[in-house]
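**Student:** For reference, the sequence and a predicted model appear below.
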Amino acid sequence: MTSDKERWNHRHVDRPISTKVATIVEKFVSLANTGKALDIAAGVGRNTHYLAEKGFVVDAVDYSDVALSKIKEIATINKIEADLDRYNFEINSYDLIVNCNYLDRRHFPLIKEALKEGGVLIFETFIVSNEEGYHQPSNLDFVLRTNELLHAFVGLDIVYYEERDDVNNLGEKVRIASLVARKKSFCR
């Protein structure tokens with residue numbers, strides 16, 4: 001039986017993921033204070049490298065050592081090889097958290113807690129589509145339902161939310177949900 005780690009390593013070899021920064025990250029990174037960032041399921045570092053270039057110190061977390069080996073060895077990037085099922089998010093630690101093309105609903109409250117006051121969340125992943133001609137993962141636990149991402153982050157100030165049609169790296173039609181939100185700053 002293949003372990004999750006082996007499966008992810010094979011996936012990064014057999015179906016390489018884009019190395020281009022996610023458009024939503026480019027568009028909204030300026031909302032965050034330049035400081036500490038977390039890239040969840042960082043893969044080969046497409047968003048990690050961009051954030052480091054923008055001046056962030058980035059924790060790049062991924063289970064695949066093959067993917068992490070593609071991330072540059074520089075002082076502002078901390079590569080963390082970890083099973084995200086068991087990863088401990090640092091509370092009140094991040095000015096920016098990026099989560100692209102990965103979904104674990106158990107992380108929603110952990111992500112909120114990991115943001116500093118005023119911290120920004122950029123989250124984008126796949127959403128279910130029942131329409132013919134759209135790519136759908138075989139396990140629907142790994143796709144969002146309509147408006148689910150919006151509801152998951154109630155309590156944060158929503159800056160941007162959209163559900164749209166897109167095309168994945170293999171040219172398949174997909175549905176995408178995108179959210180940008182800020183953790184409220186509380187006056188003392």
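**Tutor:** Happy to help now that I have it.
**Student:** Run through the strands of this structure in chain order.
**Tutor:** For the chain, the strands defined by DSSP state E cover 36-40, 57-62, 77-81, 94-100, 115-127, 157-167, 173-182.
**Student:** count of neighbours near Asp141?
**Tutor:** Asp141: 8 surrounding residues under other Cβ atoms under 10 Å. No exception for glycine: its C-beta is placed from N, CA and C like everyone else's.
**Student:** Apart from its chain neighbours, what residue comes closest to Leu110?
**Tutor:** Spatially, and ignoring its direct neighbours in sequence, Leu110 is nearest to Phe89 (4.4 Å; Cβ to Cβ, 6 or more residues apart in numbering).
**Student:** Please give me every residue in contact with the one you found.
**Tutor:** Residues near Phe89 by Cβ atoms under 8 Å, 6 or more residues apart in numbering: Leu38, His107, Leu110, Ile111, Glu113, Ala114.
**Student:** Show me which pair in those residues is furthest apart.
**Tutor:** Leu38 and Glu113 (11.9 Å; Cβ to Cβ).
**Student:** Quick one: low-confidence residue ranges for the chain.
**Tutor:** 1-19, 186-188 (pLDDT under 70).
**Student:** For the most centrally placed residue in it, list each beta-bridge partner.
**Tutor:** In the chain, the residue lying closest to the centroid (Cα atoms, centre = their mean) is Asn99, at 1.2 Å. Bridge pairing for Asn99 (DSSP bridges) gives the partners Ile40, Phe123.
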